[in-house]
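Undergrad: any chance you can model this:
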Amino acid sequence: MEFEMPQYNFNEKPPSSSKLPLIILVARLITIVCIVVSIIVLRSNKVTLDNGAILEYDYYNSYRYMFAIMVAGIIYNTLHIPFAVYYLVAKKHLIKHKSFHNFQFYGDKITFGIIATAAGASLGATVDLQKIVYTENNSKFDYFLGLMYIPNAFLVAAFVSSGISSVLSSLSLNKSE
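TA: Numbering: from 1, shown residues only. Here you go, the predicted model:
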């Protein structure tokens, strides 16, 4: 029984020298998907109270702020998807100008920060509102607020993936100098 030793060509470059373009694209896609799921749950969470009033996210300012930030996060990350795809395929940036890298760097930092504030505001509002003992419709308020943890969790996941994008844009800015 003989085994053949594999032959390696040590002069050949590995097929993918860097996983950075893939990680950038995946981080942006995860951010978008998490925000979309969060918006779907946020918009569909409605409770009809005994007096006929409908309780939904826009009744509370924190949740309205969360919704506005999520829309901004989707727009920003969607605009950067084509650049990330090109970087993944071509292994070089579509726009090599330093101003674009600065825009991406600061845009990622701002997006990361506002997603963090939206996640914190909505989670804080949910926790505080659950501490209140409502005289009427207590179970309906609890149901509404219990479901609000789902978009909060997805927004925290979007915050983490946006943080990854933010760090990677820092690396990209550093390489472009």
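Undergrad: buried residues in the helix or strand hosting residue 123?
TA: Assigned by DSSP states H and E, residue 123 falls within helix 98-131. Within helix 98-131, the residues that qualify as buried are 101, 104-105, 107-109, 111-112, 114-116, 118-123, 125-126, 129, counting by 16 or more other Cβ atoms under 10 Å. The C-beta positions use only the backbone N, C-alpha and C, and glycine is treated the same way.
Undergrad: what's the offset of that helix from the middle of its chain?
TA: Distance, stretch centre to chain centre, for helix 98-131: 9 Å (Cα atoms, centre = their mean, to the nearest Å).
Undergrad: continuing past it, what's the next helix or strand?
TA: Following helix 98-131 in sequence, per DSSP H and E, is helix 138-147.
Undergrad: what is that next one packed up against?
TA: Packed against helix 138-147 by the contact rule (3 or more Cβ pairs under 8 Å, 6 or more residues apart in numbering; DSSP states H and E) you find strand 47-48, strand 54-55, helix 98-131.
Undergrad: quick one: average pLDDT of that helix?
TA: Here helix 138-147 scores 85 as its mean pLDDT.
Undergrad: same check, this time on stretch 34-41
TA: Here stretch 34-41 scores 96 as its mean pLDDT.
Undergrad: for the helix holding residue 123, packing partners?
TA: When contacts are defined as 3+ Cβ pairs under 8 Å, 6+ apart, helix 98-131 packs onto helix 61-90, helix 138-147, helix 149-176.
Undergrad: how about low-confidence regions in the chain?
TA: Scanning the chain with the threshold set as pLDDT under 70 gives 1, 5-17, 176-177.
Undergrad: one more pass at 80, please.
TA: 1-17, 133-138, 172-177 (pLDDT under 80).
Undergrad: how many other residues sit next to residue 48?
TA: Residues within reach of residue 48, counting by other Cβ atoms under 10 Å, total 12.
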